[in-house]
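Trainee: model this:
(one chain, ligands or ions: 1)
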Amino acid sequence: MSEAILEIENLTVDFDGFRALNQLTFSMEPGELRVIIGPNGAGKTTFLDVITGKTQPTTGQVHFKGRNTRRLAEHQIARLGIGRKFQTPRVYLNLTPRENLELSCNTNKNVLSTLFSRPPGSDRQRLNHLLEITGLFLKGDIQAALLSHGEKQRLEIGMLVAQSPDLLLVDEPVAGLTDEETEQTGNLLLSLAESHSIIVIEHDMEFVRQIARKVTVLHQGSVLCEGSIEAVQNDPRVIEVYLGE
Ligand code: ADP
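Mentor: I've put the predicted structure just below:
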């Protein structure tokens, strides 16, 4: 078995006496696409916040690619190769999708030098590839403000990928999307899963069925169970938790 890309042991997070994560243990192999589900308040967002260094654990360890991230700042953890997609798209609306992607490829350059210099051939190829996989090739040169909500979501996922992370964290990528856009986002994540490790937090069970190979169910800050979507859906503990919502 290969070494885990993400290994979390006995993670506890207390907020002013409230225990948001409780002795949570989690492990993920490189190249996995893992979906995290769980009722509201289960601790899903806090879990991602600890992985990215936004929230410090009260106790417990997070190892990413074998490295303990405990004393690292958020930007240092990002640089190790973790990219996070929040629910609301954060794209530059006045720029084109191509320019948004180019800026993400060149996070160390400033905006003006990126926009006023022609990218070298290999970068152009990469940009075209990113536009293709996000389904935005034909809209690569229009203003991003004109994109639909689903297209902006896919663009932002493309912008994350442009930074070459090893692990992508994606928070509710299909909230508010049409069925067609949901399927397109699912296809994008499935194709990215061929070369990245991905954690997706999701409520939409139809979507979870489309993309999930392995599901982790969180409840009251701990892992309630893990397994295939079928196994998890038929687990009496999961049914009880969701009925109680
Ligand atoms: P989920 O994403 O599964 O809905 P969260 O991780 O957002 O759950 O929250 C888990 C619990 O921790 C919730 O009860 C929430 O109210 C609480 N919580 C989250 N962040 C804070 C905070 N900064 N201060 C106090 N309580 C918090």
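
Trainee: how about the strands in the chain?
Mentor: 6-15, 18-28, 33-37, 59-64, 67-68, 82-85, 167-171, 197-201, 214-219, 222-227 (DSSP state E).

Trainee: in a markdown table, list those along with mean pLDDT.
Mentor: Listed next are the strands of the chain as a markdown table, based on pLDDT from 0 to 100:
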| stretch | mean pLDDT |
| --- | --- |
| strand 6-15 | 97 |
| strand 18-28 | 97 |
| strand 33-37 | 96 |
| strand 59-64 | 96 |
| strand 67-68 | 96 |
| strand 82-85 | 93 |
| strand 167-171 | 96 |
| strand 197-201 | 97 |
| strand 214-219 | 96 |
| strand 222-227 | 96 |
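
Trainee: could you export the ones you listed as TSV, including distance to the ligand?
Mentor: Where you see a C-beta, it was placed from the backbone N, CA and C, and this is true even at glycine. Output for the strands of the chain, formatted as TSV (distance: least, Cβ to the nearest ligand atom, whole Å):
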stretch	distance to the ligand
strand 6-15	3
strand 18-28	3
strand 33-37	9
strand 59-64	15
strand 67-68	22
strand 82-85	14
strand 167-171	8
strand 197-201	7
strand 214-219	6
strand 222-227	12
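
Trainee: can you add distance to residue 53 and give the ones you listed back as TSV?
Mentor: Output for the strands of the chain, formatted as TSV (distance: least, Cβ to Cβ, whole Å):
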stretch	distance to residue 53
strand 6-15	13
strand 18-28	15
strand 33-37	18
strand 59-64	9
strand 67-68	12
strand 82-85	9
strand 167-171	12
strand 197-201	15
strand 214-219	19
strand 222-227	21
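
Trainee: interface residues of this structure facing the ligand?
Mentor: Residues of the chain lying near the ligand by Cβ under 6 Å from any ligand atom: 15, 18, 20, 38, 40, 41, 42, 43, 44, 45, 46.

Trainee: hmm, try it at 8 Å
Mentor: 13, 15-16, 18, 20-21, 38-47, 49, 55, 201, 218, 221 (Cβ under 8 Å from any ligand atom).

Trainee: buried subset of the residues you listed?
Mentor: 13, 20-21, 38-39, 42-47, 49, 55, 201, 218, 221 (16 or more other Cβ atoms under 10 Å).

Trainee: is it true that residue 203 touches residue 171?
Mentor: No - counting by Cβ atoms under 8 Å, residue 203 stays clear of residue 171, with 10.6 Å between them.

Trainee: helix or strand with the lowest mean pLDDT in the chain?
Mentor: helix 111-115 (a mean of 53; mean pLDDT, DSSP states H and E).

Trainee: give me the low-pLDDT residue ranges for the chain?
Mentor: 1-2, 107-121, 244-245 (pLDDT under 70).
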